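Colleague: I'll drop the sequence and a predicted model, then ask my questions.
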Amino acid sequence: MAASAGAAVSVIETQELTKRYRGGRPAVDRLSLTVPEGAVFGFLGPNGSGKTTTIRMLMGLIDPTGGTARVLGHPMPRAARTVLPQVGALIEGPALYGFLSGRDNLLRFDAADPTADPRTRRARVARALDRVGLTPAAAKKAKAYSLGMKQRLGLAAALLQPRRLLVLDEPTNGLDPQGMREIRTLVRELASDGTTVFLSSHLLDEIEQVCTHAAVMAQGRLLTQGPVAELAAGARGRLTVTTPDPADARHVLKEHGITVLAAEGERVTAEPPPPETDLADLTAALVAAGVRVRGFGVERASLEDAFVALTGEGFDVAG
Ligand SMILES: Nc1ncnc2c1ncn2[C@@H]1O[C@H](COP(=O)(O)OP(=O)(O)OP(=O)(O)O)[C@@H](O)[C@H]1O
């Protein structure tokens, strides 16, 4: 078991964790990551940034070429037999039999677990189906499930036993907005029961909506990690002016030394004004120049702003 004394227990802790596949630059490069107990931890990065490789090392599926990883206080992959029974994982989509019903798929998963008591199997499966909202569809063949239902069935499989940690690799990938919402709700529910959730995503707003903590990866390297609120607070917000006169608005902003970032339709976005600028003076200047102002405000920084500030580039979801 992990050390239980003290408040700040790390469920995942890596030091300089590195994976170099044959040739080329490292897919994961000296990654030092700390996932606190009880967190919903978002592991964020564009495609190819090393998220799946990291998860595979954490789960003992591949060996690192450098550094160390501890999961639930134990070294991985050495302690895989102790650690993995306490971890529910959904990696690269669940392996389901399409010709079996959702319920029968779970019965099969449960039967493959040597520690699972066969006498309580049906009850366990019923509880897991209920947990993910699949009871009404339990008798349907898995091949008739939507992608979202398949993901939920995969989660149900991961939840057959009580888990201290859930590891979900891109759990909403390919889902429609409704399916994404369902998974997000489920993740929140699981976290409220005290399970630590580690989920990877290439979607910034998904991480912002569901995660308490995040780490940002790019090209195998860790750019930053910490509580989501702090990450976003580290970046500067944005000034937005809504006006039917965007060209004039741009002009006035530039005159005040403010860098305009974009103008789309009636929305002009810009870097926030320097601290010494009084926002009241700025609106007065806009109005004095004949700019009809419909809206004016400084928006709080998002995780995307933080990412842009860190890399100097936009967060390219297509990778
Ligand atoms: N088995 C492998 N052999 C060689 N290179 C690999 C292998 N698996 C991944 N890579 C490379 O390692 C890098 C990181 O890939 P990885 O899959 O870990 O990224 P990711 O962030 O999970 O992206 P995705 O969301 O696309 O899976 C990529 O450049 C990828 O091409």
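Modeller: Okay, I see it.

Colleague: quick check, Phe41 in a strand?
Modeller: Yes: membership of Phe41 in a strand is supported by DSSP: H, G, I helix; E, B strand; the rest coil.

Colleague: mind listing what it touches?
Modeller: Phe41 sits next to Ile12, Val35, Thr196, Val197, Phe198, Leu199, Cys211, Thr212, His213, Ala214, Ala215 when contact means Cβ atoms under 8 Å, 6 or more residues apart in numbering. For glycine as for every other residue, the C-beta is placed from the backbone atoms N, C-alpha and C.

Colleague: redo these as CSV? Include pLDDT.
Modeller: Output for the contacts of Phe41, formatted as CSV (pLDDT from 0 to 100):
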residue, pLDDT
Ile12, 97
Val35, 96
Thr196, 95
Val197, 95
Phe198, 96
Leu199, 93
Cys211, 93
Thr212, 92
His213, 94
Ala214, 93
Ala215, 93
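
Colleague: the residues you listed, buried ones only, as a ChimeraX selection?
Modeller: Buried residues within these, by 16 or more other Cβ atoms under 10 Å, are selected in ChimeraX with:
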select :12,35,196,197,198,199,211,213,214,215
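
Colleague: would a markdown table of the contacts of Phe41 with distance to the ligand and secondary structure be doable?
Modeller: Shown next, in a markdown table, are these (distance: Cβ to the nearest ligand atom, whole Å; DSSP: H, G, I helix; E, B strand; the rest coil):
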| residue | distance to the ligand | secondary structure |
| --- | --- | --- |
| Ile12 | 16 | strand |
| Val35 | 17 | strand |
| Thr196 | 20 | strand |
| Val197 | 17 | strand |
| Phe198 | 13 | strand |
| Leu199 | 12 | strand |
| Cys211 | 16 | coil |
| Thr212 | 21 | coil |
| His213 | 18 | strand |
| Ala214 | 14 | strand |
| Ala215 | 12 | strand |
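
Colleague: so Ile285 makes contact with Lys254?
Modeller: Actually, residue 285 is Ala. It isn't Ile. No: here Ala285 lies out of contact with Lys254, judged by Cβ atoms under 8 Å, at a distance of 11.5 Å.

Colleague: so these two - more neighbours on which side?
Modeller: More crowded of Ala285 and Lys254, by other Cβ atoms under 10 Å: Ala285, with 15 against 12.

Colleague: spatially nearest residue to that one (excluding sequence neighbours)?
Modeller: Val252 (5.5 Å; Cβ to Cβ, 6 or more residues apart in numbering).

Colleague: in what helix or strand does the one you found lie?
Modeller: Element membership of Val252, judged by DSSP states H and E, is helix 246-255.

Colleague: how about the CA coordinates for the next helix-or-strand element following that helix, as PDB?
Modeller: Using DSSP H and E, the helix or strand that follows helix 246-255 in sequence is strand 260-264. Extracted in PDB, the C-alpha atoms of strand 260-264 (Å, rounded to 0.1, in the frame of the first residue of the first chain):
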ATOM      1  CA  VAL A 260      -4.700  43.300 -31.200                       C
ATOM      2  CA  LEU A 261      -4.800  39.500 -31.500                       C
ATOM      3  CA  ALA A 262      -7.800  38.900 -33.700                       C
ATOM      4  CA  ALA A 263     -10.900  40.600 -35.200                       C
ATOM      5  CA  GLU A 264     -13.800  38.400 -36.100                       C
END
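
Colleague: show me the contact partners of strand 260-264.
Modeller: Arg238, Pro246, Ala247, Ala249, Arg250, Leu253, Lys254, Val268, Thr269, Ala270, Glu271.

Colleague: same question for stretch 94-113.
Modeller: Applying Cβ under 8 Å, 6+ apart, the set of residues contacting stretch 94-113 is 116, 118, 121-122, 124-125, 128-129, 134, 137-143, 145, 149-151, 153-154, 156-157, 160-161.

Colleague: farthest-separated two in the contacts of strand 260-264?
Modeller: Spatial extent of these (Cβ to Cβ) is set by the pair Arg238 and Ala247 at 19.3 Å.

Colleague: still on that earlier bit, is the residue nearest to Ala285 in contact with Val291, as I believe?
Modeller: Yes: under the criterion of Cβ under 8 Å, Val252 makes contact with Val291 at 6.2 Å.

Colleague: which one's more surrounded, the two?
Modeller: More crowded of Val252 and Val291, by other Cβ under 10 Å: Val291, with 24 against 21.

Colleague: hang on, isn't that one packed against Thr242?
Modeller: No: between Val291 and Thr242 there is no contact under Cβ under 8 Å: 10.6 Å.

Colleague: who's in contact with the most centrally placed residue in the chain?
Modeller: The residue lying closest to the centre of the chain (Cα atoms, centre = their mean) is Gly42, at 3.2 Å. Taking Cβ under 8 Å, 6+ apart, we find Gly42 in contact with Leu199, Ser200, Ser201, Glu206, Ile207, Val210, Cys211, His213, Ala214, Ala215, Val228.

Colleague: what about Ser49, which SS state?
Modeller: coil.

Colleague: so what pLDDT did it get?
Modeller: Ser49 is assigned 89 on the pLDDT scale.

Colleague: appreciated, that's everything.
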